[in-house]
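> Let's see this in three dimensions:
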Amino acid sequence: MKDTGNTQSQPDWTFEDADSRMFPKLVVGVDEVGRGALAGPVVAAAVVFPPNLNRTEPWVARIRDSKKLNQASRLELAEIIQEKCYIGFGEISPHVIDAINVRQATLLAMKKAVNRLHIKPERAIIDGIDCIGLGIEELSIIGGDSRSVTIAAASIIAKVRRDKILTDLDIHFGEYGFSKHVGYGTRQHMEAVNELGPCVVHRFSFKPIKNALTRA
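Numbering: from 1, shown residues only. Next up, the predicted model:
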């Protein structure tokens with residue numbers, strides 16, 4: 001099932017609570033980061049808030065789409081979310097992305113993230129237009145990271161995890177500046193690729209990287 005409604009400034013619990021007031025269900029929120037990058041993995045995260053969570057706690061009210069938070073807030077909230085919630089991660093390498101395409105890699109990362117939870121969710125709400133095929137009730141939500149608290153929480157921990165991966169890659173491939181652009185196609189990144197050629201963590205099926213290989 002797909003929801004195509006508009007995004008909003010602050011996520012809420014509408015999708016978590018839908019059809020669950022008389023029979024509460026464990027709901028997992030799923031999001032990914034890195035789909036449009038030229039290097040590094042796609043990282044997906046799955047988050048389940050405990051049923052006994054106090055939704056009025058101040059940190060919960062601060063949860064937003066990760067893109068709307070500064071780095072300090074993301075790091076602080078990611079630590080709390082990982083302490084308070086059930087979480088799972090899925091990562092798909094650039095080599096697999098090249099082999100199966102980025103859309104399929106993203107869906108696979110999301111499925112892995114849910115399967116790595118230490119709890120069995122009963123419903124899944126997923127950012128984007130695709131369902132995953134989990135064998136449970138699923139709803140894909142366009143702009144879900146701006147509309148659902150649980151998806152927004154997943155966006156935060158996925159972003160923090162992937163940023164850490166790319167920062168660590170900078171130790172081995174410092175000439176590409178991964179810690180600054182985290183693999184996206186910035187001017188600095190493309191200048192390095194065009195001068196040095198791609199490295200093993202680039203996605204060779206992506207057009208800018210293909211073009212750089214042609215010029216090499």
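> so where is the chain shaky, pLDDT-wise?
Within the chain, the segments meeting pLDDT under 70 span 1-9, 19-24, 215-216.
> Show me the longest helix that occurs in it.
In terms of residue count, the longest helix belonging to the chain (DSSP state H) is helix 149-172.
> If you count neighbours, what's buried in that helix?
Neighbour-count burial for helix 149-172, counted by 16 or more other C-beta atoms under 10 Å, picks out 149-163, 165-166, 169. (Glycine included, C-beta is placed from N, CA and C.)
> Now the closest residue to residue 49 other than its chain neighbours: phi and psi?
In space, and not counting its chain neighbours, residue 49 is closest to residue 85: 5.4 Å by C-beta to C-beta, 6 or more residues apart in numbering. Main-chain dihedrals, residue 85, degrees, to the nearest 10: phi -120, psi 170.
> List the contacts of the most centrally placed residue in the chain.
Most central in the chain under C-alpha atoms, centre = their mean is residue 32, positioned 2.1 Å from the mean C-alpha point. If a contact means C-beta atoms under 8 Å, 6 or more residues apart in numbering, then residue 32 has 42, 43, 44, 45, 106, 109, 110, 127, 128, 158 as its contacts.
> Likewise for residue 113?
Here residue 113 is in contact with 30, 44, 45, 46, 88, 89, 90, 154 (C-beta under 8 Å, 6+ apart).
> you'd agree it is in a helix?
Yes: in this structure, residue 113 lies within a helix as judged by DSSP: H, G, I helix; E, B strand; the rest coil.
> so how far is residue 43 from it?
9 Å (C-beta to C-beta, to the nearest Å).
> Now for the two: what residues contact both?
With C-beta under 8 Å, 6+ apart as the test, residue 113 and residue 43 both reach 89, 90.
> picking up where we left off before, three-state assignment of the nearest residue to the residue nearest to the centre of the chain once chain neighbours are set aside?
Computed as C-beta to C-beta, 6+ apart, the closest residue to residue 32 that is not its neighbour in sequence is residue 44, at 4.2 Å. State at residue 44, reduced to three classes by three-state DSSP: strand.
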